[in-house]
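# Here's my sequence, what's the structure:
(2 chains)
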Amino acid sequence: DTGVSQDPRHKITKRGQNVTFRCDPISEHNRLYWYRQTLGQGPEFLTYFQNEAQLEKSRLLSDRFSAERPKGSFSTLEIQRTEQGDSAMYLCASSPPGGVHEQYFGPGTRLTVT
Amino acid sequence: GIQVEQSPPDLILQEGANSTLRCNFSDSVNNLQWFHQNPWGQLINLFYIPSGTKQNGRLSATTVATERYSLLYISSSQTTDSGVYFCADTNDYKLSFGAGTTVTVRA
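Predicted coordinates:
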């Protein structure tokens, strides 16, 4: 059973560029989550998918951020016109269907905006 | 959302020592999880423990849901136990995390 995978693991970009991250959840996990973690803090929720439907978005997710999960499998998180404040670790998690909502996290994508 | 308070914020241990980490929650416990964040940033699942007690090797956890707290015990600590420990609980599926406890185990 492979875990949650994320790509790329590291991304350095210049301010104003667009970036896209990918997350592949554990197979058969229908729930997928994105979180953001800045230095010294716990992760903060960004958005949540159940199958292909995006059910919740945090107020942290400004209009420069968009997430998709078109076929209910992998998901992408795009940041347009990056700002230095977007520098963070972006974490993806998935959880199985049913009543147990244990979430499993990927290795994260560390974004640095210069 | 749920407010999660972790204590202590930092813990320095000599190898072989035992320790207890605590999480307090502002609301009822639903899907409490404990994680260890490794030096590369990945969150490793330690326990899914909405109630009761579980043990896994030198680690054990207890959640008292009625009193809205959970404890993580580390026994006979090793240098590989160093890192940041987070507890988190869900509110409408999204996890709310505490600020973490940074554990340093010295040889």
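# CA only for contacts and neighbour counts going forward, please
OK.
# Show me what the residue nearest to the spatial centre of chain A is bridged to.
Geometric centre of chain A, nearest residue: A:Trp34, 3.3 Å, by CA atoms, centre = their mean. Residues in a beta bridge with A:Trp34, per DSSP bridges, are A:Thr47, A:Cys92.
# if I read this right, it contacts A:Leu46, doesn't it?
Yes: shown here, A:Trp34 and A:Leu46 form a contact pair, counting by CA atoms under 8 Å, at 5.4 Å.
# low-confidence ranges in chain A?
A:1 (pLDDT under 70).
# what does it have sitting close to chain B?
Residues of chain A lying close to chain B by CA under 8 Å from any CA of the partner chain are A:33, A:40-45, A:48, A:100-102, A:104-108.
# Show only the entries of those residues found in strands.
A:Tyr33, A:Glu44, A:Phe45, A:Tyr48, A:Tyr104, A:Phe105 (DSSP state E).
# Give me the nearest residue to the third one, chain neighbours excluded.
Here the nearest residue to A:Phe45 in space, its sequence neighbours aside, is A:Tyr35; by CA to CA, 6 or more residues apart in numbering or on different chains that works out to 4.5 Å.
# Contact partners for that neighbour?
Contacts for A:Tyr35 (CA atoms under 8 Å, 6 or more residues apart in numbering or on different chains) come out as A:Pro43, A:Glu44, A:Phe45, A:Leu46, A:Thr47, A:Tyr90, A:Leu91, A:Cys92, A:Ala93.
# next one: A:Ala53
A:Arg69, A:Gly72.
# Report the backbone C-alpha coordinates of stretch B:58-65 in PDB.
Once non-C-alpha atoms are left out, stretch B:58-65 reads as follows in PDB (Å, rounded to 0.1, in the frame of the first residue of the first chain):
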ATOM      1  CA  ARG B  58       7.500   2.800  23.500                       C
ATOM      2  CA  LEU B  59       4.700   5.100  22.700                       C
ATOM      3  CA  SER B  60       1.200   5.100  24.200                       C
ATOM      4  CA  ALA B  61      -1.700   7.600  24.200                       C
ATOM      5  CA  THR B  62      -4.800   8.200  26.200                       C
ATOM      6  CA  THR B  63      -7.800  10.300  25.300                       C
ATOM      7  CA  VAL B  64     -10.400  11.300  27.900                       C
ATOM      8  CA  ALA B  65     -13.100  12.600  25.600                       C
END
